[in-house]
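# Provided below are the primary sequence and the corresponding predicted coordinates.
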Amino acid sequence: MSNSTQKRASRSGGAKPGESADHRRASSAHWFRRMAGGFGAVLWSPVSMVFGWVAHWEPGRVMSAVLLRSTDFFMELMWFDGQDYTVGKGGRRGLIRTWPSTKTLVNPVWWFIWCGLFFWRWLLTRPYIPMLLAIPALAVVLSFFSAASAGGRISKGTEAIHFRRLLLTATTNNQIEVARLASDALVRLYPNSEEYAFNRATIEAQAGNDQTAKALMSELATSKKSAQAALWLANSVGDRKDFGNWSDEDRKAYVRWLSLAVENDPTSVLPRRLLSDVLLVYGDNRGAYTTLLPVADADEDITYIVTFLEKELGMLEAARGRAEKLTRVYKDRLSETPQDIAARSRYAALFILREQYAEAVDLLKRGLVLASTPEDTKILRNAIAEAMVLESTMIADTDQSPRGLMRSLERLREAMAVDPTNPSLLEAVAQACLRAADSKNDELIVLREALVQGVSSDTAHFILGTVALNAGDIEEAKQHLEIAVKSNPNLPGLLNNLAHAISHEEEPDLERALRLSDAAVANLPNHAYLRETRGQIYFKLKRYTEAIADLEIALSAKELRPRIRESLATAYDALGRTDIAERQRELLKLGR
């Protein structure tokens, strides 16, 4: 064995060949004493180092010592003498200086043996005392780098806090340039933050740079999948209250951004609610239902809307199941706050959905006692009359005998006693009188006349004019409606019926009819019948773009769709959109 080998063997505590047992025991004791002294040195080393720094502060020398100790640690960790020791035959320690045979190399068992021997030799040949002595220096180096890294992170966080405060102050004081600089700094610090990118775009909007703001929001909505940015873009199209007067391009852009917001965040309720509102305006109940269904249980208002959509789509079992759950919710709420008019109205609507009209009317009448303002009383009276009108319509649809017509008219008379100004009531009375017009039943005739006589003169003329209009007597209808409109110049249904009568004269005054229809739509912008009337007037004026806008909204009324589809097909043909025209004709054939 060479001197260097013996030296390293002695440092590792290994026995030399030919040593006696006593000698080996003495060597082992000596080795343990050295290890104990080494551990003591490890414990004393940082203390002595601190005393040395305090007594003789030499930064360069200290750093040099720390780095050298750390370097020594890694060198000792990976040090080898170039010779591979193993145990030979008879347990003697020897050297392997030649490669094993091919048979041995391909034997996987030997691979594990060699790995084990390598690890065992590595453990035996490590100079543990120098390594232990280097640990304090290594700890100092690691602590330094950790502190430097943590300091960098804290510095970044502190900088972000500073810029957020600056941004808040600048926004409050309307200092656009300062806000822009602070926002830019936050975006640089956190380039993947949706919040800071969104704030940056809103600052441009506040500064009046709408195009820049929209470009930033568009990038955020499409590239970073931000639902918030897509919703902002949808809201930037225009005022939703004026949706009926938007251009086709604006409506398409609005729907496109809302659809993207839903895609970017499928769990968000607001984009789905807004998108469903648009679909309902266009009469797409199925599309609105599909849009709201994933969040049907996330919000009470959404659940309420979905319930009635299911009823409209013929999904009665599902609608009644949801109505049962909502009934318990509103019942509990009314037990706590019986004066809650909105909850009482919805509770009554759920009774009506299940065709429990008497329960609905009773619930609403009990609310009249608790109404604290004239406005609440008006709302409840209107709801009571509405429930009675629906019951009257149900009776008339299911029992068309004279007895059924009498029950229907009687219910309408009760509704008129509650709220004679209800628009639905006036329409229902007109329809009921039209159904009973050819009846020879004396009681029915008396009741019909009583209904008409029980209202004011102008309301009676409105009813008689509507009856004549539905019967196809345009001249008589116009006479009655002209008298009625003098006393009720702002009643939407009256204005609409008069516009309809004028537009169907032999020589119609379409410009006057359009003015009347505009006034009616201004009061009820999303009413399907009013939109259909104005759309047909636009159609007769050959203003096809405006006609299409109104008629597509009017598609929400199923009973009007056949007539609307025909007009839409002709209008699209006139505009050169034959593909859409053919689609309208296909839907007409399918009865949709």
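Happy to help now that I have it. Numbers count the residues shown, from 1 in each chain.

# confidence score at the residue most central in space within the chain?
Within the chain, one residue has its C-alpha closest to the average C-alpha position: by C-alpha atoms, centre = their mean, that is residue 268, at 1.7 Å. Residue 268 is assigned 90 on the pLDDT scale.

# Provide a complete list of residue ranges assigned to helices in the stretch 201-350 of the chain.
210-223, 227-235, 248-264, 269-281, 285-292, 300-312, 316-336, 341-353 (DSSP state H, counting those that start in this stretch).

# again, but for the stretch 351-500 of the chain
Counting by DSSP H, counting those that start in this stretch, the helices of the stretch 351-500 of the chain are 357-370, 374-398, 402-418, 423-435, 442-453, 457-470, 474-487, 492-503.

# so which of those helices is the most packed in?
Mean neighbour count (mean count of other C-beta atoms under 10 Å) peaks for helix 492-503 among the helices of the stretch 351-500 of the chain, with a mean of 25. Every residue, glycine included, has its C-beta placed from N, CA and C.

# what's that one in contact with?
423, 426-427, 462, 465-466, 469, 474, 477-478, 481-482, 484-485, 488-489, 508-510, 512-514, 516-517, 519-521, 523-524, 527, 529-530, 533-534, 536-537, 540 (C-beta atoms under 8 Å, 6 or more residues apart in numbering).

# Same question for stretch 227-241.
Contacts for stretch 227-241 (C-beta under 8 Å, 6+ apart): 194, 198, 201-202, 205, 210, 214, 217-218, 220-221, 246, 250, 253-254, 257-258, 260-262, 264-265, 268, 270-271, 274, 277, 525.

# Buried subset of those as a PyMOL selection?
Buried members of the contacts of stretch 227-241 can be picked out in PyMOL with the line below, counting by 16 or more other C-beta atoms under 10 Å:
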select buried, resi 198+201+202+205+214+217+218+220+221+246+253+254+257+258+260+261+262+264+265+268+271+274+277+525
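
# returning to that earlier point: could I get the helices of the stretch 201-350 of the chain in TSV, plus columns for distance to residue 579?
Below are these laid out as TSV (distance: least, C-beta to C-beta, whole Å):
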stretch	distance to residue 579
helix 210-223	28
helix 227-235	27
helix 248-264	15
helix 269-281	22
helix 285-292	20
helix 300-312	29
helix 316-336	36
helix 341-353	40
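
# between those helices, which one is nearest to residue 167?
helix 210-223 (15.9 Å; C-beta to C-beta).

# what pLDDT, on average, does stretch 216-232 get?
The model assigns stretch 216-232 a mean pLDDT of 91.

# follow-up on the earlier one: would you agree the residue nearest to the centre of the chain is in contact with residue 258?
No. Residue 268 lies out of contact with residue 258 (C-beta atoms under 8 Å); the separation is 10.7 Å.

# give the contact list for residue 459.
420, 426, 484.

# and the gap between it and residue 522?
The gap separating residue 459 from residue 522 is 22 Å, by C-beta to C-beta, to the nearest Å.

# Residue 487 too?
For residue 487 relative to residue 522 (C-beta to C-beta), the value is 19 Å.

# So, low pLDDT: which residues of the stretch 451-592 of the chain?
For the stretch 451-592 of the chain, the stretches with pLDDT under 70 are 451-458.

# try 90 this time
Counting by pLDDT under 90, the ranges of the stretch 451-592 of the chain that qualify are 451-498, 500, 503-508, 517-531, 544-565, 567-568, 570-592.

# And for the stretch 101-250 of the chain?
101-197, 199-200, 202-210, 213, 223-224, 237-250.

# surely residue 221 meets residue 256?
No. Taking contacts as C-beta under 8 Å, residue 221 lies outside contact range of residue 256: 10.4 Å.

# and the gap between residue 300 and residue 344?
Relative to residue 344, and taking C-beta to C-beta, residue 300 is found at 15 Å.

# between the two, which one's more packed in?
residue 344 (25 against 13; other C-beta atoms under 10 Å).

# Which segments of this protein make up each domain?
By the assignment in automatic domain parsing, the chain contains the domains 1-12+32-82+109-173, 174-222, 243-295.

# What number of residues are in the vicinity of residue 288?
Neighbour count for residue 288, taken as other C-beta under 10 Å: 25.

# Look at residue 318 and say how many residues are nearby.
15.

# Grab the nearest non-local neighbour of it.
Sequence neighbours aside, residue 310 is the residue nearest to residue 318 in space, at 4.7 Å (criterion: C-beta to C-beta, 6 or more residues apart in numbering).

# Contacts only, for that neighbour.
Residue 310 neighbours (C-beta under 8 Å, 6+ apart): 289, 316, 318-319, 322.

# What residues of stretch 299-307 count as buried?
Buried residues in stretch 299-307 (16+ other C-beta under 10 Å): 299, 302-307.

# From residue 245, how far off is residue 239?
9 Å.

# Which one's more surrounded, these two?
For residue 239 and residue 245, the more surrounded residue by other C-beta under 10 Å is residue 245, and the numbers stand at 14 against 9.

# Could I get the contacting residues of the more buried one?
No contacts exist for residue 245 under C-beta under 8 Å, 6+ apart.

# quick one: it and residue 521, what's the gap?
Taking C-beta to C-beta, one finds residue 245 at 9 Å from residue 521.

# go on, residue 180?
Distance from residue 180 to residue 521, by C-beta to C-beta: 43 Å.

# These two: who's more crowded?
Neighbour count, other C-beta under 10 Å: between residue 180 and residue 521, residue 521 has more, with 24 against 18.
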